[in-house]
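*Asks:* Here's a sequence, model it:
(2 chains)
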Amino acid sequence: MLDYKPNIVLSNEEFNVVGTRPVRPDGADKVTGRARYGADQNLPGLLYGKILRSPHSHAVIKSVDVSEAEALPGVHAVVTSADWPETSRRLSDLAEGAIQNLGFLSTNVLARGKALYKGHAIAAVAAASPHLAEQALELIKVDYEVLPPVLSADEAMAPGAPALHEKLASLSNPALRPGGLLDEDDDTAGSNIANHFEFRLGDVEQGFKDADVIVEKETVTVPVHQGYIEPHAGTAQWGADGKLTIWSSSQGQFTVRDHTARFMGIPVADVKAIPLEIGGGFGAKTVLYVEPVAALLSRKSGHPVKVQMSRKEVFEATGPTSGTKIKVKLGATNEGKLVAAESRLVYEAGAFPGSPVSPGAQCMMAQYDVPNAYLEAYDVVINRPKSAAYRAPGAPASAFAMETAIDELCEKLGMDPLEFRLLNSSKEGVRRVTGPMTPKVGYIETLQALKDHPHYAAPLDGSAAGAEANGVKRRGRGIASGFWGNNTGPASALAVVNSDGSVSLTEGSPDIGGSRAAVSQHLAEALGISMDDIKPQVGDTDSIGFTSNTGGSSATFKSGWAAYEAGQDVKRQMRERAARIWDIPVDDVEYADGVLQHTSDPELRLTFKQLAARQVGTGGPIVGRAGVNPPGAGPSIAVHLVDVEVDTETGKVDVLRYTAVQDAGKAIHPSYVEGQIQGGVVQGIGWALNEEYRFDAQGGMLNSSFLDYRMPISLDLPMIDTVIVEVANPAHPYGLRGVGEVPLVPPLAAVSNAVYDAIGVRMDSLPISPDKVLEALWSKNGQ
Amino acid sequence: MPEVWLPPRVQTLTGGRQQVVVPGATVRQVINNLEREYPGSRELLMDVDEDDLLPGLAVVVDGETSLLGLLERVGEGSEVHFLPAIGGG
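*Replies:* From the prediction side, this is the model:
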């Protein structure tokens, strides 16, 4: 029995389906093993693709000899980047709104001219069996000229550092994450700094003069992987008609279609991308690695080809998040009012431009009312795998710096960190350092909900102050908050009314966290019918209109909105049919709770099911449709409280209790919101305590397996308590906000603050692994 | 008239001023009027050939990221910001 209220609803609107917890439509297939994921696609004549990867972190590819591999019996095709056109490395704006540097993307899929990290794809083979393909890889001869690797941002930014890209322009625009190249005739030396930009608000110098208390610190994070269970897998079939079909597990079938078409130099109309179920993505499956290679191999071999990564390949060749180094300085008055802040954020992008330093900077201070602030940010390329989005990309690292600095400030001020945040929280209409005003969001309500939670008042036995009682074990408590500016984007939905009164819903967002259920709930609510009557599916690129990636916590917002609008279209058509049957003006027909009724004659009444049965004879099939690009996603706020226990003999940190409070706007399906919160917290705990890419001196990853790359499992963790606060998003028909990413923002700082409370040492470099804890304790004790 | 908050690169054309007031009922009109007062600013905000905002640049009107770009309506008392969109995971 819970001793707290898990869902605090702060709006008065009543719903029938929204806010309930129906069984997910895809649940039975998933728990019985029938659901088909990326690796499950099999076709007659299927070949198996394998990829040869660079053993060097930085090398010129002088030549690639594939003749012996091609001659091996059972090998049907060998490809390199020479088998497709060189894609321009200028920035391009894809027709449907995505800004990309497709040249960099295609060169990450198959290296051209240089290998830029250990694991960079050089060539690929399609053969009759996976083992034959692996054997053929060993026959490919690559002549490398090995270059000195650049393995950190500090090295990359140093004068005279080897340039990864000879023509990389150093931009000064936070909008241009994908980076750009200098003109061919521009003699300016290429830079490893892909982007350098700043935001400024008020008078920072004066702000610090006005401050009574100032803290300054630097934090460091190393790359961590998204850690999805399902490795990347894709199958391509090049038909005799020149049309390409791709089956894969991704966060966006339209990205698979559009990028593959661009890389291959063919029209998007010739590519059909079919989404399969996805075993986790967390951002990294917004990027293509294997589908274009499978397509190239299929075109050359004339067979369907499946390319499936091993776990080692996933670690060594797909995007981890950026390593970061962040300096932060905060100033406050003795009364606890934040008056000045500044920060310098340096993010490692990996081998190509495009770290998430821009969102990291934009989110860092967004939940605070700080009148004078300055942010300076760097996006730096180094010889490591290209970083990819990871759940609130950029924000966990910047929150780690900001929220631990606030903890230090509170300690100096002698102020409760929750009270400090209540005093300094941003409110609707407060200007952010990036310029715009803060929209309506429930930061204060979320803080208040945590303050009212029993965890906040519960005693923490064995804290640093009373440590002796517990011998070598010390307990501590930490708090941190996080902000994320959710995304929106284009989305489409089709609602086909069936004769039995059910509705077949086709939408375009791959379902990575329960969105199929939540989007269906939008339609059921709009139509006033049961959730059981909605039959959802995620459509392929020929079956549904363009829908942008499932990413940026946007899927339920935008596809839910599309389903809502498709429902309005169905209602409009049903009112017209009822008017035709009753021979009355359509304005005399009202639709409420799944019933059509004459506005004044109670005898004239049809249920949704009754009218569905008569649709053909009253004008033909009823098909609701919507294509939307809705504004107003609204930001998300989370506040976390954690208790830890540190073993001062071994350095191990255990999480004893964790409470996460989050403004969800409106929880369409509260179970999936809770699941998102719990999942984000667990990933954050892993980031804080265990996870890290360990590299050798040449940039090779030393721990590319789940045995050595330690992610938390259920045995490591307590139940994560969740509290959903609902401060309705005024822009959305049902009030929702995206919920999937912000739960990963506070945990790094919350855990670090708790460890400090336990042992009195600031752990400013992640992960807080046992060896670091022991070294810190020994250093503190003069050992 | 709308108040336009300028990105650092455009501020080099306005003598360091972060905000300027220019007339306009749409984002396109605001940019065109900005160009009249501060020549060179348009090419830092939009791709004239493509008739669109520069790739990756978002326009925020009254706190709301616009999905209509140059076509977005701007009110007399509006605040207009040119910012990067936050890409998510």
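*Asks:* Could you pull up the contacting residues of residue A:56?
*Replies:* If you count contacts by C-beta atoms under 8 Å, 6 or more residues apart in numbering or on different chains, residue A:56 has them with A:115, A:118, A:144, A:146, A:149, A:698. The C-beta positions use only the backbone N, C-alpha and C, and glycine is treated the same way.
*Asks:* Which members of the residues you listed are classed as buried?
*Replies:* Buried by 16 or more other C-beta atoms under 10 Å in any protein chain shown: A:115, A:118, A:144, A:149, out of the contacts of residue A:56.
*Asks:* Tell me which two of those residues sit farthest apart.
*Replies:* Spanning the widest gap among the buried ones among the contacts of residue A:56 are A:144 and A:149, at 12.4 Å by C-beta to C-beta.
*Asks:* and whichever helix in chain B runs longest, is it in reach of chain A?
*Replies:* Ranked by residue count, the top helix of chain B under DSSP state H comes out as helix B:27-37. No: between helix B:27-37 and chain A, judged by C-beta under 8 Å from any C-beta of the partner chain, nothing touches; the nearest distance is 13.7 Å.
*Asks:* can you tell if the following helix or strand past that helix touches chain A?
*Replies:* Using DSSP states H and E, the helix or strand that directly follows helix B:27-37 along the chain is helix B:41-45. No: Helix B:41-45 stays clear of chain A (C-beta under 8 Å from any C-beta), getting no nearer than 8.8 Å.
*Asks:* contact partners of the longest helix of chain B?
*Replies:* Defining contact as C-beta under 8 Å, 6+ apart, one finds that helix B:27-37 is touched by B:2, B:4, B:10, B:20, B:22-24, B:41-42, B:45-46, B:53, B:59, B:61, B:66, B:68-72, B:74, B:80.
*Asks:* which residues touch residue A:111?
*Replies:* In this structure, residue A:111 makes contact with A:54, A:61, A:81, A:120-122, judged by C-beta under 8 Å, 6+ apart.
*Asks:* What are the boundaries of the helices in the stretch 551-700 of chain A?
*Replies:* For the stretch 551-700 of chain A, the helices defined by DSSP state H, counting those that start in this stretch occupy A:555-582, A:608-613, A:670-689.
*Asks:* what number of residues lie near residue A:646?
*Replies:* Residue A:646 sits with 30 neighbouring residues when counted by other C-beta atoms under 10 Å in any protein chain shown.
*Asks:* how far away is it from residue A:755?
*Replies:* Distance of residue A:646 to residue A:755, given as C-beta to C-beta, to the nearest Å: 6 Å.
*Asks:* Could you pull out the residues contacting both of these two?
*Replies:* Counting by C-beta under 8 Å, 6+ apart, the common neighbours of residue A:646 and residue A:755 are A:476, A:653, A:773.
*Asks:* so of these, which ones are in strands?
*Replies:* Among the shared contacts of residue A:646 and residue A:755, the members found in strands (DSSP state E) are A:476, A:653.
*Asks:* For the shared contacts of residue A:646 and residue A:755, give me TSV that also has neighbour count, pLDDT and distance to residue A:591.
*Replies:* Listed next are the shared contacts of residue A:646 and residue A:755 as TSV, based on neighbours: other C-beta atoms under 10 Å in any protein chain shown; pLDDT from 0 to 100; distance: C-beta to C-beta, whole Å:
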residue	neighbour count	pLDDT	distance to residue A:591
A:476	25	97	57
A:653	27	98	57
A:773	23	98	62
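*Asks:* how about low-confidence regions in the chain?
*Replies:* Answering for chain A, as no chain was given. Across chain A, the ranges flagged by pLDDT under 70 are A:1, A:12, A:88-100, A:171-184, A:462-470.
*Asks:* try again with chain B
*Replies:* B:55-56, B:84-89.
*Asks:* Which two among the contacts of residue A:111 are spaced furthest apart?
*Replies:* Pairwise distances across the contacts of residue A:111 (C-beta to C-beta) peak at 12.5 Å, for the pair A:54 and A:81.
*Asks:* How is chain A divided into domains?
*Replies:* Recorded structural domains for chain A (assignment: automatic domain parsing) are A:1-13+A:439-486+A:634-783, A:38-147+A:230-317, A:491-628.
*Asks:* Same list (those domains) but as JSON lines, adding distance to residue A:220.
*Replies:* What follows is the domains of chain A, written out as JSON lines (distance: least, C-beta to C-beta, whole Å):
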{"stretch": "domain A:1-13+A:439-486+A:634-783", "distance to residue A:220": "4"}
{"stretch": "domain A:38-147+A:230-317", "distance to residue A:220": "20"}
{"stretch": "domain A:491-628", "distance to residue A:220": "26"}
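*Asks:* So which of the contacts of helix B:27-37 sit within strands?
*Replies:* B:4, B:20, B:46, B:53, B:59, B:61, B:80.
*Asks:* State the distance from the closest residue to the last one other than its chain neighbours to chain A.
*Replies:* To tie it back to what came earlier, the one meant is residue B:80. Closest residue to residue B:80 apart from its sequence neighbours, by C-beta to C-beta, 6 or more residues apart in numbering or on different chains: residue B:4 at 4.7 Å. Applying C-beta to the nearest C-beta, to the nearest Å, the value for residue B:4 to chain A is 10 Å.
*Asks:* list the contacts for residue B:4?
*Replies:* Residues in contact with residue B:4, defined by C-beta under 8 Å, 6+ apart, are B:19-22, B:30, B:34, B:80-81.
*Asks:* of all these, which comes closest to chain A?
*Replies:* Checking those against chain A by C-beta to the nearest C-beta gives residue B:81 as the nearest, at 4.5 Å.
*Asks:* any idea where the strands of the stretch 51-200 of chain A begin and end?
*Replies:* A:59-65, A:75-80, A:92-93, A:99-100, A:114-115, A:121-127, A:141-146, A:193-201 (DSSP state E, counting those that start in this stretch).
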